[in-house]
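Sequence and predicted model, in that order:
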Amino acid sequence: MLLSLTIPLLASCRGDGDIDVSSGVGITASRTGCPAVAIPDGTGDITIFDPVTSQDASAIDVVAVVTNVRSACNSEGEKIYTEANFEVQARRSDNRGARTISLPYFSTVVQGGSAVVAKRIGTVDISFADGEYRASAPAKAASYLDPVAARLPEDIVDKITRKRRAGDADAAVDPMSDPAVKSAILRSSFELLIGFQLTEEQFKYNATR
């Protein structure tokens, strides 16, 4: 299940939700083509068992989580470039001996809340020192978007920003309630999703524990 996306609106020098009553009614807000960065439900942690056929608490070998997600976006170039840096923190049950494990993670670009337009798989190596239960390592994901795909059509922009005077038939109608506006905003909205690349059994464990 994908996390819900908060969709910003249109660029303006006024504040989000400001209403201009001097020359008519118009809602001004800010919008950016940069994708929202999120971790899908159930993919932000991973549990490794030993033996792998058991899911008993006594068989837990390593538990790891994705945390400290930070993103930066550049929308000024030919492509909208977004980079998400994050940390993987892990804990093992047996601290004897030095050990390195490789954990797979994914980065997926999703359009409109459901359409996957790109997916990459990476790995992050976690190295435990002898005698240590905990270890961590940095990782990152990135995406490139076509600015045209992330831009609202001009007619939709006009519907949202058009000044409405008191007495107009649609003066009290929120333009965001228009199905065409909702659909256009959804189509031009993207997410960069990151999380562990889980097996079916690992995902079921996360969902049911």
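Noted; the coordinates are in hand. Numbers count the residues shown, from 1 in each chain.

List the pairing partners of whichever strand or helix holds residue 125 within its sheet, with orientation.
Here residue 125, judged by DSSP states H and E, is contained in strand 115-128. Sheet pairing for strand 115-128, assigned by DSSP bridges, gives strand 99-111 (antiparallel).

where exactly do the helices run in the protein?
With DSSP state H, the ranges of helices along the chain come out as 154-161, 179-187, 200-208.

Off-centre distance for the last one?
Just to be clear, that refers to helix 200-208. Distance of helix 200-208 from its chain centroid, counting by CA atoms, centre = their mean, to the nearest Å, is 21 Å.

now for it, which elements pack on it?
strand 45-49 (3 or more CB pairs under 8 Å, 6 or more residues apart in numbering; DSSP states H and E). (C-beta placed from N, C-alpha, C; glycine too.)

can we see that at 10 Å?
Applying 3 or more CB pairs under 10 Å, 6 or more residues apart in numbering; DSSP states H and E, we find helix 200-208 packed against strand 45-49, strand 190-196.

Please work out which residues outside the first one touch it.
Same thing as strand 45-49. Residues outside strand 45-49 that contact it (CB atoms under 10 Å, 6 or more residues apart in numbering) are 39, 55-67, 88-90, 92-93, 101, 103-105, 195-199, 201-203, 205-206, 209.

Mind putting the helices and strands packed on helix 200-208 into CSV with distance to residue 133, mean neighbour count and mean pLDDT?
Shown next, in CSV, are these (distance: least, CB to CB, whole Å; neighbours: other CB atoms under 10 Å; pLDDT from 0 to 100):
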stretch, distance to residue 133, mean neighbour count, mean pLDDT
strand 45-49, 14, 19, 97
strand 190-196, 20, 24, 95
